[in-house]
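Novice: With the input below, show me the fold.
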Amino acid sequence: MAVGVGDLAPDFTLPSQMGDNVTLSEYFGKKNIVLYFYPKDESPGCTKEACAFRDSYQELTDLDAEVIGISGQSVASHKSFATHYGLPFILLSDQENKVRSLYGVPSTMGIIPGRVTYIIDKKAIVRYIFSSQTQAQRHVEEAKKVLKQLQQEEQQTSP
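Specialist: Okay, the predicted model is just below:
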């Protein structure tokens, strides 16, 4: 069963490129989350996507969000990828694709892991899902658009 808009984001714990375990619920109540699943470190589309998130990272953190990337490569692969491109955000290793399955991220042609971005609000609710294997950089633009909407909602509801 795939995770949908309005669903509670399933919690999980995975190792990061730094070798520490990161649990999604650590961010609940504190930050909005841009959770993006991508196919493979160092591949052309994934590199473009990661660098677009890097180049917009300050803007995304200013929108009160944390960026977390997930793919099936090892911690060492993620560390190398993050170092190579100066990625300031967390990359998580899902080598057994358990979290990918938990979220119901589809594969393309049954073999290429899907490229899907989830925007999760501070209450742990999935507010937006963007899935596009080919429009890697658009994931960042979609994330910014939704985070701006969430920020406006928050400002309207706070006293």
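Novice: only C-alpha atoms for contact and neighbour calcs from this point on.
Specialist: Fine.
Novice: Helix, strand or coil: sort out residue 133 for me.
Specialist: Recorded secondary structure, residue 133: coil (DSSP: H, G, I helix; E, B strand; the rest coil).
Novice: And for it, the neighbour number?
Specialist: Neighbour count of residue 133, defined by other C-alpha atoms under 10 Å: 18.
Novice: The nearest residue to it once chain neighbours are set aside: how many residues sit nearby?
Specialist: Spatial nearest neighbour of residue 133, chain neighbours left out: residue 115 (5.1 Å); criterion: C-alpha to C-alpha, 6 or more residues apart in numbering. By other C-alpha under 10 Å, the residues close to residue 115 number 27.
Novice: ok, now residue 139?
Specialist: For residue 139, the neighbour count with other C-alpha under 10 Å is 24.
Novice: Give me the next element, helix or strand, following the lowest-mean-pLDDT helix or strand in the chain.
Specialist: In the chain, no helix or strand scores lower on mean pLDDT, DSSP states H and E than strand 107-108, which sits at a mean of 80. Remark: after strand 107-108, the chain's next helix or strand is strand 112-113, criterion DSSP states H and E.
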